[in-house]
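In: I'd like to go over a predicted model; first the sequence, then the structure.
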Amino acid sequence: MEVGQLIIIPLFLLLLDHSMGQLRRTPITRQINQNKTHANVKAEKILLAAKYFLVDRQSSQTTQVLANGFNLEYTIRLCIGTPPQCFNLQFDTGSSDLWVPSVKCSSTNEACQKHNKYNSSASSSHVEDGKGFSIQYGSGSLSGFLSTDTVDIDGMVIRNQTFAEAIDEPGSAFVNTIFDGIIGMAFASISGGVTTPFDNIIRQGLVKHPVFSVYLRRDGTSQSGGEVIWGGIDRSIYRGCINYVPVSMPAYWQFTANSVKIEGILLCNGCQAIADTGTSLIAVPLRAYKAINKVLNATDAGDGEAFVDCSSLCRLPNVNLNIGGTTYTLTPKDYIYKVQADNNQTLCLSGFTYLQGNLLWILGDIFLGKVYTVFDVGKERIGFAKLKKHSSYRVYASSYVKEPSSYGIDYPFYGDEYSRFFT
């Protein structure tokens, strides 16, 4: 081996090690109790309706149904202030606000008292803001005021991040949630004029490229629920290519889906869809909801809930979504939930729901748990790729091979310094 080759090899390894350090990673944790109840699915729909400014009939009923808490499973750990005060936050691409409970909440606010609370007086880096903040839910509003402080996400320190301190939380809506608050990852246009955490991450140069990608493990555990990758992509998680489609408008992560079919029936043609990690459901327009129920021979219980015979699951068809020319398949195992009713009876609930006034396909974790998703803020586009079988994040192949150009990866944008493993 020549001397020149001996020099090149360690230099290559050094560059490879440096490139791996450029990608920041945050583990996603998942709800310990994997059992869904009928009550928390109902509760989840109320939050979903509120995020999209829809009126759901469930929201006009008593809030007693919310006692079991929302079944929103995926959270990340985030710390605020100096010294750090840490919280488990729902990672939500369907909203744009960051909020946590405040130590200033009332002692009668059960939801606040049962979760971690931010104490501004205990943080030397806190800056007072004081402007009002509220999110309207059918059962009441979550309200408080704005504050500014340092935010730390796994060592990625965001300076001067404005967020909301929640002092009133509606009814029993958030009493038994696994998360303390929410970190919204949609665009700033729906944030009420506050710079979003990811926009600040970009502006402060904490990532080299304005993109984050997400892998949600459907078979994960409370410690291993997936991963958020800040500033790039991880080739070890997916197979084939990343198929990008443009964001229809920079508000929600909204895009055009070519089609959705079930047993050859066209449910949508060029419909508008939204990628929302903050819900496990798929909310569809009324016409599609009725068509799906007919094919599944589902009983419509009203309020966007349909049940199937649990003994028929093996005979139910797949649902195929075509996005950017690639078809993604949902099996009955993906879209049917076994839930516990109030009488402890096991019911089989369709994950397809309908909300009054909704004309979009809101794709929650039923779909996003099947793909690797790239949220490209800089180019206002979203990308999907199929997961490798038995994908396990943080486990990398031993050899480095550049992907063929036919895979369509935007190398000039992401930069060749990002290592990609091709197996």
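Out: Cool, got the structure.

In: what segments of this structure are helices?
Out: 3-22, 38-51, 110-113, 197-203, 286-296, 332-335, 365-368, 411-414 (DSSP state H).

In: residue contacts, the spatially closest residue to Cys268 that is not a sequence neighbour?
Out: Computed as Cβ to Cβ, 6 or more residues apart in numbering, the closest residue to Cys268 that is not its neighbour in sequence is Val260, at 4.6 Å. Bear in mind the C-beta positions are built from the backbone N, C-alpha and C, glycine included. With contact taken as Cβ atoms under 8 Å, 6 or more residues apart in numbering, Val260 is in contact with 266-268, 271, 288, 319-322, 361.

In: just the pLDDT at the nearest residue to Ile202 once chain neighbours are set aside, thanks.
Out: In this structure, Ile202 finds its nearest non-sequential neighbour in Pro210, 4.6 Å apart by Cβ to Cβ, 6+ apart. For Pro210, the pLDDT comes out at 97.

In: Gly130 contacts Thr162, doesn't it?
Out: No: at 11.1 Å, Gly130 does not count as touching Thr162 under the criterion of Cβ atoms under 8 Å.

In: just the pLDDT for the residue nearest to Cys268.
Out: pLDDT for Val260: 98.

In: if I look at it, how far off is Val194?
Out: Distance of Val260 to Val194, given as Cβ to Cβ, to the nearest Å: 34 Å.

In: same thing with Ile183?
Out: Per Cβ to Cβ, Ile183 is found 12 Å from Val194.

In: neighbour count for those two, which is higher?
Out: Ile183 (27 against 21; other Cβ atoms under 10 Å).

In: look at the closest residue to that one other than its chain neighbours and report its pLDDT.
Out: Leaving aside its sequence neighbours, Ile183 sits nearest to Leu89 (Cβ to Cβ, 6+ apart; 4.5 Å). For Leu89, the pLDDT comes out at 93.

In: pretty sure Leu363 is touching Thr277, no?
Out: No: Leu363 lies out of contact with Thr277 (Cβ under 8 Å); the separation is 9.7 Å.

In: if any of the contacts of Val260 are buried, put those into a ChimeraX selection.
Out: Buried residues among the contacts of Val260 (16 or more other Cβ atoms under 10 Å), as a ChimeraX selection:
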select :267,268,271,288,319,320,321,361
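
In: return the closest of the contacts of Val260 with respect to Glu169.
Out: Distance to Glu169, by Cβ to Cβ, is smallest for Trp361 among the contacts of Val260, at 29.5 Å.

In: mind listing what's buried along stretch 180-189?
Out: So for stretch 180-189, counting by 16+ other Cβ under 10 Å, buried means 180-188.

In: in a markdown table: the residues you listed, plus pLDDT and distance to Gly144.
Out: Listed next are those as a markdown table, based on pLDDT from 0 to 100; distance: Cβ to Cβ, whole Å:
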| residue | pLDDT | distance to Gly144 |
| --- | --- | --- |
| Asp180 | 93 | 13 |
| Gly181 | 92 | 10 |
| Ile182 | 93 | 13 |
| Ile183 | 95 | 16 |
| Gly184 | 95 | 15 |
| Met185 | 97 | 20 |
| Ala186 | 97 | 20 |
| Phe187 | 97 | 22 |
| Ala188 | 95 | 20 |
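
In: determine which two of those residues are furthest apart.
Out: Maximum pairwise distance among these (Cβ to Cβ): 23.7 Å, between Asp180 and Phe187.

In: low-confidence regions, this protein specifically.
Out: The model of the chain has pLDDT under 70 over residues 1-22, 30-40, 54-73, 137-140, 171-173, 219-224, 390-423.

In: find the residue at the geometric middle of it.
Out: Centroid check for the chain by Cα atoms, centre = their mean gives Thr277 as the closest residue, at 2.0 Å.

In: can I assume it is in contact with Ile76?
Out: No: judged on Cβ under 8 Å, Thr277 makes no contact with Ile76 at a distance of 10.5 Å.

In: what do these two both touch?
Out: By Cβ under 8 Å, 6+ apart, Thr277 and Ile76 have these common neighbours: Phe91.

In: find the nearest non-adjacent residue to Thr148, please.
Out: Distance criterion Cβ to Cβ, 6+ apart; nearest residue to Thr148, sequence neighbours excluded, is Val127 at 4.1 Å.

In: I'd like to know how far the one you found sits from Pro332.
Out: Using Cβ to Cβ, Val127 is found at 51 Å from Pro332.

In: so for these two, which residue has more residues nearby?
Out: Counting neighbours by other Cβ under 10 Å for Val127 and for Pro332 shows that Pro332 has the greater number, 19 against 12.

In: can you pull the contacts of the nearest residue to that one once chain neighbours are set aside?
Out: Nearest residue to Pro332 in three dimensions, chain neighbours excluded: Leu316, at 4.0 Å (Cβ to Cβ, 6+ apart). By Cβ under 8 Å, 6+ apart, the contact list for Leu316 reads 296, 308, 332, 336.

In: is the last one bridged to anything, and to what?
Out: For Ile336, the residues forming beta bridges with it (DSSP bridges) are Ser350.

In: that one: neighbour count?
Out: Every residue meeting other Cβ under 10 Å relative to Ile336 is counted, giving 23.

In: repeat that for the first one.
Out: One way to gauge burial is a neighbour count; for Leu296, by other Cβ under 10 Å, it gives 26.

In: roughly how far apart are it and Gly364?
Out: Between Leu296 and Gly364 the distance is 18 Å, computed by Cβ to Cβ.

In: what of Ser120?
Out: On the measure of Cβ to Cβ, Ser120 and Gly364 end up 34 Å apart.

In: again with Leu48
Out: 8 Å.

In: touching both of those two, which residues are there?
Out: Residues touching both Leu48 and Gly364 (Cβ under 8 Å, 6+ apart) are 276, 278-279, 281, 283.

In: and those residues, which is closest to Val103?
Out: The closest of those to Val103 turns out to be Gly278 (Cβ to Cβ; 25.1 Å).

In: contacting residues for the closest one?
Out: Contacts for Gly278 (Cβ under 8 Å, 6+ apart) come out as 47-48, 51, 72, 90-95, 182, 364.
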